[in-house]
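Undergrad: Compute the structure for the input listed below.
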Amino acid sequence: MAVNPRKLGPDDLSSCLWLDQIALKGLWTKQQWERELSDNSRLVMGIDAEGRSLIALASAWLVVDELQITAVAVDPTYQRCGFGARVLQAMMDRAASLGAVSATLEVARTNIAGQAFYAQSGFTTTGRRTGYYANGDDALIQWRSIRKGRDFRTDQTE
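TA: Model prediction:
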């Protein structure tokens, strides 16, 4: 299957809403997706499958030099086929080209599959947010470097 990650925009709203429903159980509202897809400080990358609509997406905010990842979703039919890693890497590559040096995200402490996915993508747990999610679950704060260079937080060069 030939797939290439691409930047998503306002024309992809219905596809993002559909994928959000089937993969993230309605994480965001239509208004939230509209803002995500139209705000220039946000990055949304997606993958379309041949003959199908959107099968994977990754969304983030670029804040100074840190990519704050807000969502990664893959159509359940295509999970564990490498599309999540591919769209996440495409987003981090784009962020690096815009000056990002690190990436961060939150993942539920109870989401073992998500933790394994992020670990395979080079993320490590750096903290915890107690009761972060509406259901009371804690969030694990995940972090990774995107590119080599001086980390202003530690003043060390990788």
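
Undergrad: for the protein, what's the longest helix?
TA: Ordering each helix of the chain by length in residues (DSSP state H) puts helix 83-97 first.

Undergrad: Can you work out which other helices and strands pack against that helix?
TA: Contacts defined by 3 or more C-beta pairs under 8 Å, 6 or more residues apart in numbering; DSSP states H and E place helix 83-97 against strand 42-48, strand 54-63, strand 66-74, helix 112-120. Where you see a C-beta, it was placed from the backbone N, CA and C, and this is true even at glycine.

Undergrad: among those, which is nearest residue 96?
TA: strand 66-74 (8.5 Å; C-beta to C-beta).

Undergrad: the inter-axis angle of the longest helix of the chain versus strand 66-74?
TA: Counting by axes from the mean of the first three to the mean of the last three C-alpha atoms, to 10 degrees, helix 83-97 points 160 degrees away from the direction of strand 66-74.

Undergrad: And the helix or strand following helix 83-97, what does it pack against?
TA: Following helix 83-97 in sequence order, the next helix or strand is strand 102-108 (DSSP states H and E). The contact analysis (3+ C-beta pairs under 8 Å, 6+ apart) places strand 102-108 against strand 66-74, helix 112-120, strand 139-145.

Undergrad: nearest to residue 23, of these?
TA: strand 66-74 (3.9 Å).

Undergrad: Tell me which residues are up against stretch 19-28.
TA: For stretch 19-28, contacts defined as C-beta atoms under 8 Å, 6 or more residues apart in numbering pick out 33, 36, 54-57, 71, 73-76.

Undergrad: Looking at the helices and strands packed on strand 102-108, which one is packed in the most?
TA: Highest mean neighbour count of these: strand 66-74, a mean of 22 (counted as mean count of other C-beta atoms under 10 Å).

Undergrad: and it, what other elements does it pack with?
TA: Going by 3+ C-beta pairs under 8 Å, 6+ apart, strand 66-74 lies up against helix 13-24, strand 54-63, helix 83-97, strand 102-108.

Undergrad: at 10 Å instead, please
TA: helix 13-24, helix 30-38, strand 42-48, strand 54-63, helix 83-97, strand 102-108, helix 112-120, strand 139-145 (3 or more C-beta pairs under 10 Å, 6 or more residues apart in numbering; DSSP states H and E).
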